[in-house]
Every structure is written in structure tokens, then in C-alpha cells.
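Asks: This is a predicted model, with the sequence first.
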Amino acid sequence: MAKGEVTQADLIAALREFYAGRTPYFLVVDDHDIVRKSIVEILEGICIDSIVGEAKDGNIALDKVKALLSDGIIPTVLCDTSMSNCDGPEFYKNLVAYLSQKDGDYRIPFLAMSLGGEKNSAKTHVWKKVGINHLYSKENLGNEAYLRNALMTSLREAKK
């Protein structure tokens, strides 16, 4: 294991702390079925005691997040950048606007992803404009260590 790498036990402990003992819920937002299914499969392997949902665009994702929040569930969102109907940055802006109208302090861990990830400066810039500082490579999310580190970063950012 590389120095600084997040272990599965570390991630599970952080999820338990963030979710205060409740079952973690992940929402994977991507317009490509195969990408969603792959990420879902990996998440289910890493975080055995969790629930994973899916959405194919930002509009569907926002509706799902609203429903989850009304049931008292705060999801961790993994979201693609480019999607038809409503792309990732637009979804995030709509989510922030929705949360700003609600009572309470809703901190949703949010993991932005794209082909090329952090190497894609144009997409990184688009996300930074809406307040997301990290962009992760979809190609690398199949690597469990990479995904664990990305999830841990999103949990830490949500706590700030």
C-alpha cells in the first residue's frame, strides 16, 4: 500500500462517522449506463453496508436528492461533468440553490468526475467556477485505491 493511501477500513470508519451510524447512501450520476454500473459495482465492493442509487442526468439526480433528503438521507454524490439534459456543474448549482432554501446545515459529499479528470483543465475550470475544487478521472475510478482516496477527500470537504 502506498504512503497516504486510504484503506478500506479508513474509508468505512470515515463513512460511519459522517453518517453518524446510519447506512451510507451513494448516488452515481452519469449518462453512460456502463460507467454507472461499473462505479456502482466497485462501490458495493468497497462499502459493503451501503446503498447505491443511480441517475442518468442532473435533473433526475436533483429529484432523487430531494426525495432522499425528505427521508432524512444525505447522499454522497459521484457526478459526471458532461451529460445531456443537465450536466454536472449545472446540477451542482441547482443542488446548492435548493439546499440554500432549506432549513438546516446540509453538507453533501460531492465527487466530480470526467474523462481525463484533473488533467482536463477546461473541465476542472468549469467545476471550480461552481465551487468544486477536485475533479477525478473516470478512467481511474475502477482502481479501488483511487476511488477510496477520492471518496475520503469528498467526505473531508463536506465537513468543512
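Replies: Received the coordinates, thanks.
Asks: residues contacting the closest residue to T81 other than its chain neighbours?
Replies: Spatially, and ignoring its direct neighbours in sequence, T81 is nearest to S114 (3.9 Å; CB to CB, 6 or more residues apart in numbering). From N, CA and C alone the C-beta is placed, and that goes for glycine too. Counting by CB atoms under 8 Å, 6 or more residues apart in numbering, S114 touches 80-82, 88, 120, 123, 135-138.
Asks: Okay, strands next: where are they in this protein?
Replies: 25-29, 51-55, 75-80, 110-114, 135-137 (DSSP state E).
Asks: any chance of the ones you listed in a markdown table, with mean pLDDT and distance to K128 too?
Replies: Compiled in a markdown table, the strands of the chain are given as follows (pLDDT from 0 to 100; distance: least, CB to CB, whole Å):
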| stretch | mean pLDDT | distance to K128 |
| --- | --- | --- |
| strand 25-29 | 96 | 19 |
| strand 51-55 | 93 | 23 |
| strand 75-80 | 96 | 15 |
| strand 110-114 | 94 | 10 |
| strand 135-137 | 93 | 8 |
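Asks: okay if I get the ones you listed as a markdown table plus distance to A145?
Replies: As requested, these are arranged in a markdown table below (distance: least, CB to CB, whole Å):
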| stretch | distance to A145 |
| --- | --- |
| strand 25-29 | 18 |
| strand 51-55 | 19 |
| strand 75-80 | 16 |
| strand 110-114 | 15 |
| strand 135-137 | 13 |
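Asks: Go through those strands and name the closest to L11.
Replies: The minimum distance between L11 and these falls on strand 75-80, with 10.9 Å, by CB to CB.
Asks: what's the closest one in contact with?
Replies: Contact partners of strand 75-80, identified using CB under 8 Å, 6+ apart, comprise 15, 24-32, 35, 39, 43, 53, 58, 61, 64-65, 68, 87-88, 91-92, 95, 108-114, 138, 141, 151, 154-155.
Asks: Next: stretch 28-39.
Replies: Here stretch 28-39 has contacts from 40, 43, 52-58, 60-61, 77-80, 82-84, 88, 91, 113, 138, 141-142, 147, using CB under 8 Å, 6+ apart.
Asks: so who does K159 touch?
Replies: With contact set as CB under 8 Å, 6+ apart, K159 has these partners: 18, 107.
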